[in-house]
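In: The sequence and its predicted three-dimensional model are supplied below.
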Amino acid sequence: MMALTPGGVDQDLVRLGHRRIERPMIPFDAEIPAPAVADLRR
């Protein structure tokens, strides 16, 4: 059992609320579309 509770070692990274980070921050930004197959074959 894992309990995601606020504290010194919080595993819920979205809840931490960092604001001054470069966007997009993958995988935390939900509005980022999935990459196309052509992009994966480079």
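Out: Cool, got the structure. Residues are numbered from 1 along each chain as shown.
In: separation between residue 18 and residue 11?
Out: Going from residue 18 to residue 11 by Cβ to Cβ, to the nearest Å gives 15 Å. C-beta coordinates here come from the backbone N, C-alpha and C atoms, glycine included.
In: what do you get for residue 23?
Out: 22 Å.
In: List the residues that contact residue 32.
Out: 24, 26 (Cβ atoms under 8 Å, 6 or more residues apart in numbering).
In: let's go with 10 Å and repeat that
Out: Contact analysis of residue 32 by Cβ atoms under 10 Å, 6 or more residues apart in numbering lists 23, 24, 25, 26.
In: what about residue 2, how many neighbours?
Out: 5 (other Cβ atoms under 10 Å).
In: isn't residue 4 right up against residue 10?
Out: Yes: Residue 4 is within contact range of residue 10, at 7.4 Å (criterion: Cβ atoms under 10 Å).
In: Which element, helix or strand, includes the residue positioned nearest the centre of the chain?
Out: For the chain, residue 28 is the residue whose C-alpha lies nearest the centre (Cα atoms, centre = their mean; 1.9 Å). In the assignment (DSSP states H and E), residue 28 maps to no helix and no strand.
In: In terms of pLDDT, where does it sit?
Out: Looking at residue 28, its pLDDT is 74.
In: Likewise for residue 9?
Out: On pLDDT, residue 9 comes in at 78.
In: now swap in residue 20 and tell me
Out: Reported pLDDT for residue 20: 87.
In: And the helices in the chain, which stretches?
Out: Ranges of helices in the chain, per DSSP state H, are 37-40.
In: Around residue 29, how many other residues sit close by?
Out: 11.
In: Show the contacting residues for residue 31.
Out: With contact set as Cβ under 10 Å, 6+ apart, residue 31 has these partners: 23, 24.
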